[in-house]
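Asker: give me a 3D structure for the following:
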Amino acid sequence: MTRVCIVGKPEVDLRTELFAYETARRALATYDVRSPYENTVAVDTVSLGAAVSLLNDLNWYLVRLAEEAFVLEPSVADDEWLSRDLAAAVRDGDVRAPETDARLKVYGVEDGELVEPMYVTRVQGERPDYDLRDVEETVVVRVTEAEFEA
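Answerer: Sure thing, here's the model as predicted:
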């Protein structure tokens with residue numbers, strides 16, 4: 001299963017706002033919708049292609065309501081997410097899965113909320129520790145070169 005996680009903008013109650021739109025509600029109707037972190041919506045899809053397609057279908061809403069969208073693809077990594085752009089590049093064959101692990105955006109998780117992302121690169125195959133604050137856990141998102149430099 002490939003998982004999609006959409007992170008709402010701070011001023012938006014993502015779940016409430018997203019489900020207020022009939023088209024978004026219909027697009028998500030066949031999925032078991034969860035919220036693994038505060039102000040997120042997550043669903044499991046059958047493949048990377050289905051995950052990217054769902055995000056494309058929801059694009060109008062994501063632009064208005066979401067801060068980020070991640071895809072967890074087990075064939076790429078079991079515990080590191082792909083940014084939406086990187087997931088699309090892998091799906092399209094523009095980037096090979098082994099080439100996705102160099103640039104990372106690491107979020108801290110504090111009281112169930114994603115906080116303060118830190119951009120890091122792997123050094124000799126190792127990911128630097130998250131050190132922006134003391135957190136319970138981290139969420140690692142692999143990003144494109146353009147997203148890393150932004």
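Asker: now do the buried residues in whichever strand or helix holds residue 116.
Answerer: Under the criterion of DSSP states H and E, residue 116 resides in strand 113-121. Neighbour-count burial for strand 113-121, counted by 16 or more other Cβ atoms under 10 Å, picks out 114-115, 117-118, 120. Yep, even glycine has a C-beta here, placed from its N, CA and C like the rest.
Asker: neighbours of the residue lying closest to residue 110 once chain neighbours are set aside, how many?
Answerer: Residue nearest to residue 110 in three dimensions, not counting chain neighbours: residue 135, with 5.1 Å by Cβ to Cβ, 6 or more residues apart in numbering. Here the number of neighbours of residue 135 (other Cβ atoms under 10 Å) works out to 19.
Asker: and the longest helix for this protein?
Answerer: Counting by DSSP state H, the longest helix found in the chain is helix 48-57.
Asker: in the protein, which spans are helices?
Answerer: Using DSSP H, the helices of the chain run over 14-19, 22-28, 48-57, 59-65, 84-91, 145-149.
Asker: for these, which has the smallest mean pLDDT value?
Answerer: Mean pLDDT is lowest for helix 145-149 out of the helices of the chain, coming in at a mean of 92.
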